[in-house]
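**Student:** using only what follows, build the 3D model:
(one chain, ligands or ions: 1)
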Amino acid sequence: MSRPKLLVVEDDAALAAQYRWAFPNCRVLLAADRRQAEQIARAEQPTAALLDLGLPPDEEGVSEGFATLATLSRLCPGMPIIIASGQGQREHTLRAIGLGAYDFCEKPVDLDVLRTIVDRALRLRALEEENLRLAALPRPSPIRDIVTADESMLRICHTIERLSQVSVPVLLLGESGTGKEALARALHDMGPRSRKPFVAINCAAIPEPLLESELFGHERGAFTGAVKQVTGRIEAANGGTLFLDEVGDLPPALQAKLLRFLQDQVIERVGGRTSIRVDVRIVSATNQPLEEQTESGRFRADLLYRLNSLTIRIPPLRERGEDSLLLARWFLARYAKEFGRRLRGLDASAVEAVTTYRWPGNVRELGNRVRRAALMTEGHTISASDLELSASPSASDTDLDLRAARLRAERATIERALARSNGSLAAAARLLGVSRPTIYGLLETHRLSPSQTTPPDTAARDTAPSDGDTP
Ligand SMILES: Nc1ncnc2c1ncn2[C@@H]1O[C@H](COP(=O)(O)OP(=O)(O)OP(=O)(O)O)[C@@H](O)[C@H]1O
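**Tutor:** Presented below is the predicted three-dimensional model:
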């Protein structure tokens, strides 16, 4: 293993030479002023630093020492910085600790004491790096890109692993950001079709007039503007997997056409006469209650039976126990590495916030918040405010209060009903099995208004800074 690098910022040459010999287990890198310290920090990313506060041109004061402290903290987040301070500088030392310095040692320095401090700092740093490394290690989940320790999710992952070997259609149900597309991809990647294309199409994102040609392709001259023949996504997925996202939004005419394809395995391009045989595995997903939609006639029951040979319900993140924390640490390790930042982990406020927040945008929102925090934080640890979350009161106290727990569950159920009924009070009352006057009373109790409650997927996109779908 390579020796840890200790940056020593000291303008007194005799003292600096003494330090060089005092740490035989380290590679000591000497800097006499801020500029040299900055150069070494950039080039070497030292493991720890020892910093004298009285540096030129302000040897008698501390301004240059503090400026160097700020520079080093910025360039090497997470690097423990030990202050070597003159006697009577207690106030400055405390200020330096407040600004993130790791520890201090008074001058004239007792080398044994200093060695103990440096040793401790190096061990701490090694532990933190080990923690980050462990957090990034493969997880028990059988699917490479799915991180979970939750029993129900692990069962789903094992089911996906088994289903990847057979070509039956699978319907994935779950809120936005729960990992439906990631699981669809796993079904494809782990199975015999993995060398063929995986083609995803979001049925809600493409305007209805274009969707037919997008799915089935068209012949030249099929409609105004069809200047050349175009193959559709179904054909493009031949031999592989077609992922139909938001399948509940498929318009009725296309539901009929898709059903014909699922029955006969042949398609006709728009404006075409020839039947083209296509072999694809269909995986579909939705966050809408498809069964209810078949009852109301908005979704064809015969199509649903073709799509849902197997239905997998993916739980929202808030119902996956400790997964939010596990994932937050995993994303942090991943982004710290990607952005080349030394981040120690989550502080207590972040742990509290991550475990108590309801994550309406699920894993996507969590990944986005951690990514932004990893980029933007100026400290060595991520706090609740870096995640743009408020640290809520300790759950342990409130959880024991039965009345508060009932009220929380009641509020959450009402919010879900309102979200599902797009804010229609009549529909929400029906879903909740209560009368309209009762729902008004409930809204008042919980200080909710129908318009406040956005459907979960919309809410997710609002809170997400940008799409975090990095592979
Ligand atoms: N358990 C998980 N472990 C690691 N990453 C995950 C996990 N679940 C989801 N992700 C990641 O979160 C992001 C969102 O997931 P995905 O796109 O699969 O969700 P979705 O349910 O298809 O969302 P939508 O319904 O909005 O399309 C992706 O970057 C995905 O890789």
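
**Student:** mind pulling up the pLDDT for Ala404?
**Tutor:** For Ala404, the pLDDT comes out at 65.

**Student:** now the one 3 residues further on
**Tutor:** The predicted local confidence for Leu407 comes out at a pLDDT of 73.

**Student:** how many neighbours does it have?
**Tutor:** Here the count is done by other C-beta atoms under 10 Å, and Leu407 has 13 residues near it. C-beta here means a position set from N, CA and C on the backbone, and glycine is covered the same way.

**Student:** how many neighbours does the closest residue to it other than its chain neighbours have?
**Tutor:** Using C-beta to C-beta, 6 or more residues apart in numbering and skipping residues adjacent in sequence, the residue nearest Leu407 is His446, 7.6 Å away. When counting by other C-beta under 10 Å, one arrives at 15 neighbours for His446.

**Student:** mind pulling up the pLDDT for His446?
**Tutor:** For His446, the predicted pLDDT is 73.

**Student:** give me the residue at the spatial middle of the chain.
**Tutor:** Gly367 (1.3 Å; C-alpha atoms, centre = their mean).

**Student:** about what we covered before: the residue nearest to Leu407 and Leu15, how far apart?
**Tutor:** Relative to Leu15, His446 is positioned 66 Å away (C-beta to C-beta, to the nearest Å).

**Student:** so the residue nearest to the centre of the chain is in contact with Phe331, correct?
**Tutor:** Yes: in terms of C-beta atoms under 8 Å, Gly367 counts as a neighbour of Phe331; the distance is 5.1 Å.

**Student:** just the terminal-to-terminal distance for stretch 376-383.
**Tutor:** 11 Å (C-alpha to C-alpha, to the nearest Å).

**Student:** can you point out the buried residues in that stretch?
**Tutor:** In terms of neighbour count (16 or more other C-beta atoms under 10 Å), stretch 376-383 has its buried residues at 377, 380-383.

**Student:** try stretch 263-281
**Tutor:** 267-272, 276, 278, 280-281.

**Student:** next: stretch 308-317.
**Tutor:** In stretch 308-317, counting by 16+ other C-beta under 10 Å, buried: 308, 312, 314-317.

**Student:** number of nearby residues for Ala426?
**Tutor:** 10.

**Student:** you'd agree it is in a strand?
**Tutor:** No: under DSSP: H, G, I helix; E, B strand; the rest coil, Ala426 falls outside any strand and is assigned helix.

**Student:** what's the closest non-adjacent residue to it?
**Tutor:** Using C-beta to C-beta, 6+ apart, the nearest residue to Ala426 is Arg436, at 6.6 Å.

**Student:** so what's the residue count around that neighbour?
**Tutor:** 12.

**Student:** check what pLDDT it gets.
**Tutor:** Reported pLDDT for Arg436: 74.

**Student:** Glu378 now?
**Tutor:** Glu378 is given a pLDDT of 85.

**Student:** so it lies in a helix, does it not?
**Tutor:** No: going by three-state DSSP, the assignment for Glu378 is coil, not a helix.

**Student:** quick check: buried residues in stretch 379-395?
**Tutor:** For stretch 379-395, a neighbour-count test (16+ other C-beta under 10 Å) marks 380-384, 386-387, 389, 391 as buried.

**Student:** can you pick out the most distant pair from these?
**Tutor:** Largest separation among those by C-beta to C-beta: His380 and Leu389, giving 18.8 Å.

**Student:** from Glu44, how far off is the residue in the stretch 1-150 of the chain that the ligand sits nearest to?
**Tutor:** Nearest residue of the stretch 1-150 of the chain to the ligand: Val147, at 3.8 Å (C-beta to the nearest ligand atom). Using C-beta to C-beta, we find Val147 at a distance of 33 Å from Glu44.

**Student:** these two: which is more packed in?
**Tutor:** Neighbour comparison, Val147 and Glu44: the larger count goes to Val147, with 21 against 13 (by other C-beta under 10 Å).

**Student:** isn't that one right up against Ser324?
**Tutor:** No: judged on C-beta under 8 Å, Val147 makes no contact with Ser324 at a distance of 10.9 Å.

**Student:** would you map out the domains in this structure?
**Tutor:** 5-135, 151-315, 318-382, 402-461 (automatic domain parsing).

**Student:** out of those domains, deepest packed?
**Tutor:** Mean neighbour count (mean count of other C-beta atoms under 10 Å) peaks for domain 318-382 among those, with a mean of 20.

**Student:** and that domain, how far apart are its ends?
**Tutor:** Start-to-end, domain 318-382 (C-alpha to C-alpha) is 21 Å.

**Student:** hang on, the earlier thing: could you list every residue that touches the residue of the stretch 1-150 of the chain closest to the ligand?
**Tutor:** Counting by C-beta atoms under 8 Å, 6 or more residues apart in numbering, Val147 touches 139, 141, 323, 326-327, 330.

**Student:** nothing else from me, thank you.
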